[in-house]
Structure formats: structure tokens, C-alpha cells
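Engineer: model this:
(chains A, B, C and D)
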4 protein chains.
Amino acid sequence: VKLWGGRFEESVTDAVENFTESISFDKVLYKHDIMGSRAHASMLAHQGLISEKDRDSILRGLDEVERQIEAGEFVWRTDREDVHMNIEAALTDIVGEPAKKLHTARSRNDQVSTDFRLWCRDNIDIIVACIRRLQVSLLKLAMRNEGLIVPGYTHLQRAQPVLLQHLLLAYVEQFERDVGRLLDCKVRMNFCPLGACALAGTGLPIDRFMTSEALGFTAPLRNSIDAVSDRDFVLEFLSANSIMATHLSRLGEEWVLWASEEFGFLIPSDSVSTGSSIMPQKKNPDPMELVRGKSARVIGDLVSLLVLCKGLPHAYNRDLQEDKEPVFDSVKTIIGMLEVSTEFAQNITFNQQKIQKALPAGHLDATTLADYLVKKGVPFRTSHDIVGRAVAMCVSINCQLQDLSIGELQNISPAFDEDVYEFLGVENAVKKFSSYGSTGSDCVASQLDYWTAKLDINRET
Amino acid sequence: VKLWGGRFEESVTDAVENFTESISFDKVLYKHDIMGSRAHASMLAHQGLISEKDRDSILRGLDEVERQIEAGEFVWRTDREDVHMNIEAALTDIVGEPAKKLHTARSRNDQVSTDFRLWCRDNIDIIVACIRRLQVSLLKLAMRNEGLIVPGYTHLQRAQPVLLQHLLLAYVEQFERDVGRLLDCKVRMNFCPLGACALAGTGLPIDRFMTSEALGFTAPLRNSIDAVSDRDFVLEFLSANSIMATHLSRLGEEWVLWASEEFGFLIPSDSVSTGSSIMPQKKNPDPMELVRGKSARVIGDLVSLLVLCKGLPHAYNRDLQEDKEPVFDSVKTIIGMLEVSTEFAQNITFNQQKIQKALPAGHLDATTLADYLVKKGVPFRTSHDIVGRAVAMCVSINCQLQDLSIGELQNISPAFDEDVYEFLGVENAVKKFSSYGSTGSDCVASQLDYWTAKLDINRET
Amino acid sequence: VKLWGGRFEESVTDAVENFTESISFDKVLYKHDIMGSRAHASMLAHQGLISEKDRDSILRGLDEVERQIEAGEFVWRTDREDVHMNIEAALTDIVGEPAKKLHTARSRNDQVSTDFRLWCRDNIDIIVACIRRLQVSLLKLAMRNEGLIVPGYTHLQRAQPVLLQHLLLAYVEQFERDVGRLLDCKVRMNFCPLGACALAGTGLPIDRFMTSEALGFTAPLRNSIDAVSDRDFVLEFLSANSIMATHLSRLGEEWVLWASEEFGFLIPSDSVSTGSSIMPQKKNPDPMELVRGKSARVIGDLVSLLVLCKGLPHAYNRDLQEDKEPVFDSVKTIIGMLEVSTEFAQNITFNQQKIQKALPAGHLDATTLADYLVKKGVPFRTSHDIVGRAVAMCVSINCQLQDLSIGELQNISPAFDEDVYEFLGVENAVKKFSSYGSTGSDCVASQLDYWTAKLDINRET
Amino acid sequence: VKLWGGRFEESVTDAVENFTESISFDKVLYKHDIMGSRAHASMLAHQGLISEKDRDSILRGLDEVERQIEAGEFVWRTDREDVHMNIEAALTDIVGEPAKKLHTARSRNDQVSTDFRLWCRDNIDIIVACIRRLQVSLLKLAMRNEGLIVPGYTHLQRAQPVLLQHLLLAYVEQFERDVGRLLDCKVRMNFCPLGACALAGTGLPIDRFMTSEALGFTAPLRNSIDAVSDRDFVLEFLSANSIMATHLSRLGEEWVLWASEEFGFLIPSDSVSTGSSIMPQKKNPDPMELVRGKSARVIGDLVSLLVLCKGLPHAYNRDLQEDKEPVFDSVKTIIGMLEVSTEFAQNITFNQQKIQKALPAGHLDATTLADYLVKKGVPFRTSHDIVGRAVAMCVSINCQLQDLSIGELQNISPAFDEDVYEFLGVENAVKKFSSYGSTGSDCVASQLDYWTAKLDINRET
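Structural biologist: The predicted model follows:
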């Protein structure tokens, strides 16, 4: 019979039991649930609400429950609804009467919010560590490809030449902000709901500061109704994951493109490729396709949670039980995406020959040429127009800007001088970049130094 | 080693294998995968592409695979990636060489689209059956509460009196359109991709009409690229589920409201209620809260799938592997929501006494009174204004419209006559409704008849 | 003062008025609102609820209102809240007393649902016409490129050769299902709410069948509460748009890819390209990028509407006012996407030379070769493995399958014969396809005939 | 002709122009665009890239453009595409040649990212100010209702008594975290993209630190590709808005519930209520319904933006033009929601009489009673069960816990003593709360002091 059964005469039907249970998924919270119970029991004893002997029985019993769970001996029961009831009931089976005192000055409402915050806190640390590993992989990939120039794109059209290192560092920057968002989220969520009880607090002389400190929280939450009813901490967590997922999806898209026959810039090793059941020649970059694809479920998880929270009155509503699976799924997915991206980064090579051969196409030096004219005193708008006409000429006779003779150039504008050829061609063009944050090789080298130091990488490796 | 391993020298890493596998979830397709293989093998034999002996071996082997799966003896292997490869490889283990011929003129691309359509088709039928049961429950609930008048709300403010039956039938109408959407979706998805192979069809002399017919499809899909790359059939399915989920969420909200102390209109039995771990008096309508809450994940699943499909080039991309879990989750969730709503409907009673006692409040007869004046020749806008003033008087002296004397009424407008009292009071007001589709008792009775016939219910029950 | 002001002593504050007004956006419904009022007035007169003279005044006044609006002379007033009140109040200004009778047996609740359905119905027709034009453009594009072979992709890796026509027809198929969804939606929404009044119907002797027929609806809705409170008809509409938007986003992605320097398959004319403010050489396929990007807002609009409807109790809630802007935005956006895609299709050429030159890469004939071995009696799995090894050899010595000598091939498998060279090379490979729905040229030709007839295109054009 | 027209021979078609223009919505950025141009021109002059005279012309011209815009005299032209081109072209019309130099070392890619960040930064400040006003209103509402006890709910079932002040402070807490999220977002977005140019930086000797400082940014962004291609700063902004919107939707739901006849706890003044066009007695809390409803579009805007960013390769893609409208809509909507909630809070009264009369129902003192038994040494689980049985007795004989005689209580458990009546009844129950963060009156008073000081409110007002 249910632990809350006092006033009930009838059991719930099987369909209702199966529909309302959460043990099938919330059991992953067991470690944090036990952690919370330990802190709670110690506080109850310290405050004289239970005896030291009872506390010791409870602590001993919790150790046993934890051992059973980790040994795979624990039997999770659907009729015990959730992780909290399963553990409390098992504790009662083991230590008897003292276990019945554990739920003093506590409700599942504050308990689950505590457990869930502890779980999220740990998983933010895990995700941040995964991001760090990906950043390191990207940085090492950059180091392995010093000096490699690739086309930079806008609108997927060739725009200007950039160092591959510069492009890889752009991702490192983006993931760094993802770290920032997760850490801000962690700071904001790290307050303790325990002791808020059902919604109103309690009249028993508990010490919420003691449990809060024992569990590593910054402080107890200030308002008991807020403590049990809000889920903004997971909404913020899944928002951070979703934003990161868009970053990862862009990496996925880019590497899938680059691995195509048409680009041909990137060659994944067999160990990160898969084949086809029908087409014998296929070698597909599936992991990065799935990184791109799985961004969808991370976003879907966030949407589920936002829809869930919309329009609920205070305080706790059973709807909130649905807060967990989207979070578990989002976290598992994002970790997989980060790990596989890291592994992919470690198992690709760039096809320097093909990249170099393809570089002349696309007039990547056109903007450098326009800047050249600016240096000669031509207003930028005019210089843009002049170079536009030069490009049009190249297109019509199918050549590159550097192939135009000085006479042809001067026909378009007298501002062109013999020194123009120092600015033409991709190699020259990329050398000219000098502004802070640009793809100029000095700028990129100093950014590499910055990240090498920050991520604590030994450049020799 | 992988079935597609010919040109590969290295196995994929464990991380990639775990990230890219789908067997952990797509194994639920086993029945439809085997069904498809049976049809395919028979067609291959009929076309002379395999011998009849080979076909028989394959069919026998497929029977054995199916038996093993259903007996729980089958070992699903992650290194065999997905349900298709697991079954084909197991088939090879069982029947040897002939199994290697099964994948003739077939790719996993067309195979999975076939399996998935078969699965969805079956599950649409299951969901429709669940809707029918819910409609029947609502109808029976209506029959059990003949004549019960409840306040009708707009803006959650009392508006006009309605028969409870009328309100319950509104849900029946909405679920009927949900059925319509699902059936339209089924018609549109019921075309056969098998034989589209990887994306381009095949040069082998297959007969796509034969497999299509054997599997109960309307016809083969006309375009092989379309056949393997589009997922609009599941987008439409999850859209239908999402719309239905909003309907169910509204039922959830309404019944949660009605079960509150403040409304007090609805009493769930203990068998569909749950209690609190801390508050001994609580009896909560959790199933309907969860019905409301779970609408969020059905919507989230749709969003995942839409995001997934956005911006993918033709034809098949590995991203599409992510199409399955949202569909499985949406279907499982919506079935649970329907079942539990049905069970809830069967286990509630309406508190007629409390409802009746509460009815006089809210001036539910005000609009009937305005219509009375219209019948007396007053333009509606004027009559609306007159009744507005009468209500204002009632509010100020804290009474109901029927409590105003004829003198007081005539002070407001001379159009009032002694017969006005036949229109005042909730009982009178509800009697006056007569328009088609209105809450008038004759109208409602005829709607009940309509649905009783349509849903084939014996009114005596 | 408000038209509903009878019982109110105070006006709403400016902030509330601005926040709650809908006239800034719902005025686009004016035509359908007037259409509904005409039908309603005629019915009221027919039923003797207003005089024929009043009806004539109303009809005349409505003509004048419509004229003013279309001449841009009408002054929309925020203090009159919405399109319904604006029109009714203006009508009163014009024709006086009779106008006050128009709102007899009608509420804004049933009125807005009627207007909105009429608007959606018209706009579905408009969208379907836009789809038809896009299909025609794609078909004509196909006709202009008869015989052009392009690489077919899976995982964005080259897979098998396909006729460009076949690929273009895949889109035509997808858009055809989009048409189907819209038409199903239209059938389901085409029922008339008028006469449901606030939520309960009315006691006045109206004829709902008369108004329903006058407005071209199939029938009046059967349940008045359902009629005013459900918005599933727009949820379904926006679902159909969202699914179509994913189709369009894929077209956008594909054409952006193909227009890149690396693919170089597709050349947009200047008239559908844009340049860069800084890079003089750029020519970007912006319209198709925006087609891809705008799919996001169509999906966002659907999400808004789903979230909106979640958890609302019956019947009408003011939240539902928020149903309009997402629909207006979705419709405007999808029409723009369709139109611009059509225009793009009319203004591109395929770079046959570059495509042809690129074709040999990617071993597109590998599967044809595997099928060749099947015809020779080799089980498919074995043949897949043999060809896989042949491809591996090609990769290692950097050649194509057709470059292997018969001796080299026979070294890999004795099943190879001299006739193998009839199956190798892209031209040969594409010729071999013969299955229904495949890219074989006969199959494609017959599909072209099918669509030419269905879309009523003159092939000579 | 387009400003980027050099290499183009043909204009874009009207349909493309209308589909790709952004001036209809991005003109709201004009102030920040001009601000950026001023800083850029000053820097160019300081670096010797333009003359001081040119700079002065440009600055004077920008003043004139700004004046024209704010005077409503400026003509926005669709053929000039966007706000940047419109302003630059107008500048050229005004000051001639010098204007052509303004776009030196600048692209629209870095320009729009700069403008957009400046705009968001300002609007975050505006939103935070709105939140502060709402918090103040809630706090003042709390002050006006000192000592008022209301039922606290879980599952919308009465749970425990709470002070209304405590409930209102729960919202204040939630909005405080919303402020935190916005401010974190602002810190993270406040880096300057200007000088990243198209994507690669420039070879001209610009000083990015100078423009960054002039515009109040923390520093220039470190990587030019990152600077022009990422939109995580708006994703984070809209995430914060969406989370806030769920908070506001809950306030909306709660106040709509409380304003119902059934609850009857809250009376909005006429100035924040609206009526019905058909039902003369209606007075609806529309503003709070719309606050609830508009949460949907804030969430929809976030989804649009997430879908938009999914799967885009580097660097800038035209899709990103679609980033603006969702942000403008989200900001406008959330400001409206905050303002109207503030105004609603200022215009409601709580119906103390009705609340008090309703309080005894629901056994709100049951948990206090269970805690009483704990104090007497009964283990909590046992005490929960005992009180559960006492409640069951009350339900069966339709009375409250305080109505049970000591004999009846002791029949259930001998642990009950005469002093039990000090714990029964709502008034007593609420007095007993004493834990930190609880609804005990001392705790609440100290929270009120905290917030009064923090929000700088004069308690006398």
C-alpha cells in the first residue's frame, strides 16, 4: 500500500500506476537522493528532531541501499512510484522504525528539487569537461595544420582566404561562451530547496543552513513556495545546451560539406566513417551527420520543458514530474555530441593538396585589392566598384585577378600601380591581414598562444 | 566485421559505434522489418532473382528469427548497428548462403522507410481505437448525468448555463477531428518505398507492385529519391498527435480545475487519485495533471522532428536516423494520455449538489434576458446595455437578476414585462436555447443520439 | 465608450487598451467579417428577427464600410478593440439604429471563428496555386535539361548517378503531398461556427444552415462550445505549412550547395542574386538562403500556436486572440517562399559542362556493378563485398572502376566477364536502371508525362 | 542601382527584392547604426584612413540623417535593402564623396552584429527596469495585504495555509533570477564585432579597441569569423525572455483563476477588465489571459531562432537576416507583458472576506498536526498515517480537524493531548511555521524587509 495511503480506501488502477510512475527514469537520481537524505538525517539529529542512534541507523541503512543499487541488487518497484519512495521504503525494510523518521520536515517536493539540482550541478561539470576536451582537440588540429590556407565562405560562396587555424579557433570561442553559460547557470541554480517541505516550510526546528552547506549549496533558497514550484534552473540548463547544440550542428554541417567529393577538403579515417548496405564504394561521415541531427532533440527537449511550465499555477503540480526526461535526454545527447565531435576531430586529416589546388578559384583576393585602392586614396565605395568591374572582366575571360595585366587594370582605373601584384593571389591576400582578431598569421599565432595557455596544452605534443 | 566492410580497413571506434547505433530503439520495428523481408523474398523468387529454394530457406529463417525475438531469446548486437542488419545477420547465422541474397535490390534506405510506414500505420489504428474508447467514456459519462446544468465559462468567468452533456460532447467533436487527421495521414503515408533501393531504384527486374500489394500499400511510391529521403509522413503523424495533445491538455486543465476545492464540481475516485508524502489530507487528480503535462513532450517530439528535417539536402542523410525516437515517444505518450483519460472519465462523479448550489452566482441568465428584450423589439446593442445596467444594480445590492422586482426592471427599461420572469433563473435560461448546436436540451438529445449511433453504444448500458 | 460598457464605470487604462487591442493586425479580416455580417443580416431578416428595411440599411452600410476600407478612407480605432467592433461601430455611424440589431444572436466568439475560417480557406487556395506554379517551374526546368545526369547523394557523398529530371520530380512529389494536406485541412475546417454565439447558442429563432450555406460552408458545426473554443483548424493549417517549409528548406539547402564554387552545378542569373557591400566579387544565392532560413519562422509560428492552446479550459479564452498573428505570418512567409523559389527555378541554368566533368569521381557505378554480379549468380552480400574490394583498389591506385582491366577484376572475383564494361561508367550505369520509380530514362519520361498531364503543361513551351 | 553592383549586369526582380529586403523591420536599428558609424568614422580619421575633414562631413551628415529619421522625414527605400545601405546612401546624398569612405574596413556583416548587440544591450536595460517595476508593484501589493492568509495549493488542491505576502514574494524571487539571466547575457554579448569586416578582418590599419571603447563594449571580439557568424547572444537573450515568459504565464494563470467566481479571491478594477459583446454581465480579466497567452509567442520566437541557426556553415549566411524579427517581437511582447502585469497588480484588491470564509475547507492544518505528533515523539511516517485517518474521519462526517473531540482523536492515536487544539485551525497552523524561508510571519516580515531595502521602496508609501 502507498506510503501516503492513510486517507485512501482504494488502490490506484494499474493503468494509473503505470502512467504516473517515475521510477523507470528518476532512479538515476539515486546517488543525489541518498546524499540529500544523509545531510537531512544528520541535521535532524543535530537539531534533536531524531536521536543520534536513529541517525546512525539511517546512515548505515542508506549505505546499504546505495551498495545494493550499485551492485545491481536493488529491486526498483513501480508501486513505490519514484526514487524517493523506493529508497525510503527500502530503508525501512532494512533498518525499520528509524527510517520512518527520515521524512520529518521534508516533502518529496523539496526533496526532488534538491536531488535534481545536485544532479544537474554534477552534469554541468561533466559537460564542461567534455567541452574542454573538444576545444583541446580543435586546438591540436589547428596546431597540426599550421599555415594551411582555406577559402573562407559567406553565403557558402568563396569570400576571402583564411587560415584553417583561424576557422578552428572560431569554434573554440563559441564553445567558450557555452562554458560561460553553463557556469552562470550552475551558480544560479546552486541554492538549496531542502526544508521548503511541501510548499510552506515547517514549524519543526530544522536548520536549513546546515543541510545547504553540507550539500555544497551557496545558501538555502529564500522562499519556500518558489523553492518547490519553479523549474527555471533546468530551463536555463537546457537553453544553454540548445545554444551549444546549434554550435555543434554547424560544426557537423561544415565537416559533412568538407568531406564531400565536391569540397574534398577533409578526409575522415575509417574509424569514424561508415559504409552502405547496398553501395560498396560509400564512406560516409555519419558521426557528424548525427551530431547535426541530434541538435534537433536537444532543442525539442527544451521546447518540451518550456511548454510544460507554461501556465501552471503555484506551487507544485504533478506536471512537473515531466521535467526530468527532457533533461536526462538533453544531457546524454549533448555529451555524446561533444565526445563524438572530439573523436572526429582527432581522426581527420585535411587534404592540403586538394585545398591548395582549389584556392585560386573564387577571386578570394578581391577585397584585398579593394583595400589596396583605398590605401591609394580611392574612396572605398569607388574602389569596390572598380574591383567589381575587374572581377566581371575576369569572369568573362575566365581568369583570376592576378592574371590581368597592369594595362588591363589601369584601363579600369588609373589608380592601379605595378605594386598591385604584391596584393594579388591568395597567398599575398592572406598575408595582408593585420587587424586584431583577423586571419593574419601573427594575429592567429597570438590567439593560438592565448588558447594554448588557457587550455593548458603543451604545444610540443 | 560490418556488413558493409568491403572497402574499410579499420573498425569504427567504440564511441562512434555507440553514438551511431540505433538497435537500442529501432528493434521495435522487428515485426514490420520481417514482414517486409518476407514480401521482398517472395517477390525476388517470383521474378526469378532468387530460387524458390532460397526463398523458402529465407522464409523459414525469418520465422525462426521472429520466434526467437518474441521468445526473448534473440541477442541484439550493437556492432550490427540496427534492426535491419541484426535480422539479416541472424538470418545468415541460421540459413547461411541464401540469406546473403535477401538484400538484392534493396537498401536500408528503402527498407527503413517501409518498416516505419508499416509501424506507423498500425499505430494509427491503435490510437484511433483509443480515441474511440475515450469518446465512448465521455458519452457514457454524459448519459449518466442527464439534465445536469453547469456554468459555461468564457475567460474562466461564468458566462451562460450549459448542460454538462453539451460540454462533454464538445470534447467528443474535437476528438473526432483528431481521428480524421490521423486517417488522412494514414491514407497519405500508405505508399510503398520498397524497391527505391539506395535512392535511384535498380536495374534488376523487380516488381514493386507485387511487394506493395503484399504489404497492403495502396501503390508503390512514384519517385525513388522522394521515397528514401522524405519524412513528411511522420511529421504529419506527429502534428496530428500534437493537435490531439492540446485537446487532451484542455481536458486535463478543466478536470483539474473542477476537482479543486473551489470548484468542487468533480470527485475522482481514490483509484485515480494520489496522495502526498507529507500532507496527510491530500487527494490529488494526478492523472489529469500528467495528461496536461505530457502534452508538452508530444509537442517537443514534433519540434525535434521538424528541426531534424530542416535544411537537409537529398537524398538520405544519417540525421534521419533520429526520426524514430520522437515518433515512438509521441505514440507511447499519446496512447497513455488517451487511456488514462478514459479511465479517469470512468472513475469520476459530478457533485450535483454543489454544482446546483453554485449555479445562481454569475448572472448566467443575463444574455437570455438580453435576447428577451430583442424579442420585445429592442435592438440588441440597446438591450445589451439595458441588461448591463440591470446587472450593475444586482452587483451593487448583491442579488440576482431574478430578484429584481418588475418595478426595478421597468425603471431601467419600460420594455420589461411581467413575462420576464419566465426567462430568468438558470433553469429557465437553459430551457430557452433552441438553435442548432446549442445547449438546448432537445438539441443536445439529438446530438447524443447521433453519437450513440455513430459510436455504436447501447444506451441501456 | 466601449460597446460592452453597460456594467462598467471606468475605462480601461491606455496600457491595457494597447496591450489587448487586436485591430492593428486583425483588420486584414475585414472582407470576411463583412461577408459574414451580410449573411447574418440576411438570415436575421429571413427569420423575422429584423425587418427587411433594417437588413437593407445594414447591407448598404456594409457596402459603404467596405468601400471606405478599400479606398483607404476608413479610420481604424484602437479604442474599438478589434475588426468586429470597428466595423459595427462604423456601421452605426453610417446607418444608425438598424446597425444596433446586427449583433443579434451573435457574439464575437462565433464571429471571429467564422471570419478566420473564411480567411484561411481563401489563403489555402492561394497557397495551393503558388505550389502549382512552383511545380510547373520545376517541371519546366526538368524539361529544359533532358538527359542531364547528375550525381545522386546520400550522406552528401556521391552515391549513384541520377537524371536531374528525376531529382526535380522528387520535389514535385513532395509538394503534391503538401497540396493534399492543405486540401484535407480545408475540408475539415469548412464548417460554420456562426450562431454558436458566446458559447451556448441562442434562444432566438435563427437558421444556422442558411448562413452556413450562404458562406459556402459544408454545414454548421454541431456543438456550440466546440465552435467557439477550438483552434485545431489553424493548428492543422500551420502544421501543413511547417511540413511544406521543411521541403522548401531542403530545396534551399540543395540549391545553395549547388551554387557554390565547389559544386558549381547551378548558376543563378544576376536577377536572383545579390552582392556584398565589401567583397566586390561576390554573387550570392540569397533568395534560396532566405527560403531555407524562413522555414524557421514558419515552424516558430506553429510552436507559438501549440503553446498557446496548451492547457486552456473551455470555452473561449482571451489567449486565443493570439492565434492570428502566427497564422498571418506563416501564410505570408510560405507564400513568399513559394514565389521566390518559383522565380529562382525560372532563373537558373545548370552548368552541364562542369557537371559532366565531375561525374566520373565517386564510383557512382559501384552498385550497378554489384547488381551485375547478382545477375551472374553471385549472392548480393558477396557481390557487395567483391565490389567493395574493387573500389578499395581504385582508391589506392587513384582510378575509376572502368579503368580496371578484366584481369584485375577477375583477380578479385572470377565472376567478372568481358561484358562488365557495358555496366561501368556513369553513362552506362544510369542506362541500366529500369525499376518502377527509378531514375531509368524510360521511367523518368513516363513520370514527366504523368506530371505534364496532371499540371496541364504544354510540353512544347 | 545596388551599392554592390560592380559585377552585376541585371537588377534583381521585384519579387526577390521584396522577399530579401529587411528595411521594413531593421530600420528600428537606425540609432545604433548611426552610433556605430560615428565611432567608426572617428577611428578611421584617428588612424589616418580618412581625413579629419571627411570625418567631419560624415559626422555632420549622420546628424542630419538622424534628424530626418526622428522627424519622420526620412524616406526608407526597399531598393536600398536594409538600414545600413539606406543610411549610407542617404549620407552620400547629403555629403557626397566623403560618405563613400565610411564603409572602409567595414562590412555589413560586422556592422549588423554591432548594431544588433547595441540594440539588445539597451533593451535588456529596458526590460530589467520593467521587471523592477513589477517587483515593486508586487511588493507594494504584499504590503497592502499584511496578515492575509490564503490557501496554498499543490496540484491545485488545498495544501497548507500561507500568507499572501509569501506567495507574492515567490514571484519576486523568480523575477530576480530573470534579471540575473539578462544581466549575465548582457555581459557575455558586450563584445565588439566591428572591424571583423566580411569575416576575415582587414589589412588596413584600423584600431578595433578604439571603436570598441567608444561604443561601450568590454573589448573587441577575438576572432573575426566568430564575430560575424554567431548569433548565440540573441539565442541567450530570447532564452532568458522565454523563461521569464513562463513565470509571467504562471502569474497570469493564477490571477485568472483567482478572479473566477469559484475562487473569488481577487477583484480587478474596471480599468483592467473588459466586457463581452453579447453577455452583458461579463467582466473578464483579459490582460492576464493575454499575459498567459503571449508567453506562447515569446517561446515561438526562441524556437524560430534556434531552428534558424541549426546547421548553418560558417561564416555569415543570409538566413541570419531572419534573426531580427523574432528578437524585436520577443522584446516588444515581454515588455508589454511586464507592463500590463504591473498595472494589473496596481489595480486589484483581494476579497479578504471571501478568502477568510473559504479558509476552513481543505484541512490545511493537517500537516501541522502531523508535525505536532512528531514533536510528541511519533515517527513522521506513523504520524502521517494517523492524521490521514483523522482526515478520513472528517471527510466521512463532513467536519474539520478542529471539530474532532479529544476523545475521537485519542481513539485514533493516544499520542494526542489537550494541547493539540493550539495547532488546529488555519490561524494556528500558519502561526507555527518557523523555518527559514517558510510562510511564518516573522520569516515573511524579514523577507519583506530584505526586498524593501533591495528594491529601495519606502515602506510608508
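Engineer: what sits against residue A:333?
Structural biologist: Counting by C-beta atoms under 8 Å, 6 or more residues apart in numbering or on different chains, residue A:333 touches A:245, A:294, A:297, A:298, A:301. Backbone N, C-alpha and C define where each C-beta goes, glycine included.
Engineer: again, only this time at 10 Å
Structural biologist: By C-beta atoms under 10 Å, 6 or more residues apart in numbering or on different chains, the contact set of residue A:333 is A:241, A:245, A:290-291, A:294-298, A:300-301, B:19, B:322.
Engineer: Would you format these as CSV with distance to chain D, neighbour count and pLDDT included?
Structural biologist: Shown next, in CSV, are the contacts of residue A:333 (distance: C-beta to the nearest C-beta, whole Å; neighbours: other C-beta atoms under 10 Å in any protein chain shown; pLDDT from 0 to 100):
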residue, distance to chain D, neighbour count, pLDDT
A:241, 10, 28, 98
A:245, 8, 31, 98
A:290, 12, 25, 97
A:291, 10, 30, 98
A:294, 11, 25, 98
A:295, 6, 33, 98
A:296, 7, 28, 98
A:297, 12, 29, 97
A:298, 9, 27, 98
A:300, 10, 32, 98
A:301, 12, 29, 98
B:19, 18, 23, 94
B:322, 13, 24, 96
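Engineer: Just to be sure, which of those residues are found in helices?
Structural biologist: A:241, A:245, A:290, A:291, A:294, A:295, A:296, A:297, A:298, A:300, A:301, B:19 (DSSP state H).
Engineer: quick one: the third one and residue B:318 touch, right?
Structural biologist: Okay, so that is residue A:290. Yes. If you go by C-beta atoms under 10 Å, residue A:290 and residue B:318 touch, sitting 5.6 Å apart.
Engineer: Report pLDDT for residue A:10.
Structural biologist: We note a pLDDT of 83 for residue A:10 in this prediction.
Engineer: Okay, and it sits in which element?
Structural biologist: Assessed by DSSP states H and E, residue A:10 sits outside every helix and strand.
Engineer: Leaving out the residues flanking it, which one is nearest to it?
Structural biologist: residue B:270 (3.8 Å; C-beta to C-beta, 6 or more residues apart in numbering or on different chains).
Engineer: same question, residue A:441
Structural biologist: The spatially closest residue to residue A:441, leaving aside those adjacent along the chain, is residue A:163, at 6.5 Å (C-beta to C-beta, 6+ apart).
Engineer: quick one on the thing from earlier: considering the contacts of residue A:333, which is situated nearest to residue B:230?
Structural biologist: residue B:322 (15.0 Å; C-beta to C-beta).
Engineer: does residue A:437 count as helix, strand or coil?
Structural biologist: Secondary structure assignment for residue A:437 (DSSP: H, G, I helix; E, B strand; the rest coil): coil.
Engineer: any idea how far it lies from residue B:33?
Structural biologist: 53 Å (C-beta to C-beta, to the nearest Å).
Engineer: Same question for residue A:381.
Structural biologist: Distance from residue A:381 to residue B:33, by C-beta to C-beta: 63 Å.
Engineer: remind me, longest helix of chain A?
Structural biologist: Chain A, longest helix under DSSP H: helix A:108-144.
Engineer: Can you get me a residue count around residue A:303?
Structural biologist: By other C-beta atoms under 10 Å in any protein chain shown, 30 other residues sit near residue A:303.
Engineer: hmm, I was thinking of residue A:419
Structural biologist: Using other C-beta under 10 Å, the number of residues around residue A:419 comes to 10.
Engineer: Equivalent analysis for residue A:158, please.
Structural biologist: 24.
Engineer: now residue A:230
Structural biologist: Look at residue A:230: counted by other C-beta under 10 Å, it has 28 neighbours.
Engineer: ok, now residue A:446?
Structural biologist: 13.
Engineer: now swap in residue A:259 and tell me
Structural biologist: Neighbours of residue A:259 using other C-beta under 10 Å come to 25.
Engineer: How about residue A:218?
Structural biologist: Neighbour number of residue A:218 under other C-beta under 10 Å is 13.
Engineer: doesn't residue A:239 fall inside a strand?
Structural biologist: No. Looking at residue A:239 with three-state DSSP, it is helix, so not inside a strand.
Engineer: what about the residue nearest to it when sequence neighbours are not counted, how many residues close to it?
Structural biologist: Nearest residue to residue A:239, sequence neighbours excluded (C-beta to C-beta, 6+ apart): residue D:239, at 3.6 Å. Taking other C-beta under 10 Å as the criterion, the count of residues near residue D:239 is 26.
Engineer: Show the model's pLDDT score for residue D:239.
Structural biologist: Note on residue D:239: pLDDT of 98.
Engineer: mind checking pLDDT for the residue located most distally from the centre of chain A?
Structural biologist: Distance from the C-alpha centroid of chain A, by C-alpha atoms, centre = their mean, peaks at residue A:407 (55.0 Å). Residue A:407 carries a pLDDT value of 95.
Engineer: what do you get for the one 4 residues further on?
Structural biologist: Reading off the per-residue confidence, residue A:411 sits at a pLDDT of 95.
Engineer: do the same with residue A:384
Structural biologist: Looking at residue A:384, its pLDDT is 92.
Engineer: Please verify my assumption that it contacts residue D:101.
Structural biologist: No. Look at residue A:384 against residue D:101 with C-beta under 10 Å: they stay out of range, at 11.2 Å.
Engineer: Look at these two and report which has more neighbours.
Structural biologist: Per other C-beta under 10 Å, whichever of residue A:384 and residue D:101 has more neighbours is residue A:384, with 28 against 25.
Engineer: circling back to that earlier point, out of the contacts of residue A:333, who's nearest residue A:130?
Structural biologist: residue A:241 (11.5 Å).
Engineer: SS state for residue A:389?
Structural biologist: Look at residue A:389: counting by three-state DSSP, its state is helix.
Engineer: My error: substitute residue A:187 in the last question.
Structural biologist: Under three-state DSSP, residue A:187 falls in the helix class.
Engineer: Report the contact partners of it.
Structural biologist: Counting by C-beta under 10 Å, 6+ apart, residue A:187 touches A:218, D:180, D:184.
Engineer: change it to 8 Å
Structural biologist: residue A:218.
Engineer: Low-confidence ranges, chain A, go.
Structural biologist: Along chain A, the model assigns pLDDT under 70 to residues A:1-5, A:459-461.
Engineer: Please enumerate the shared neighbours of residue A:290 and residue B:318.
Structural biologist: Common neighbours of residue A:290 and residue B:318 (criterion: C-beta under 8 Å, 6+ apart): residue B:20.
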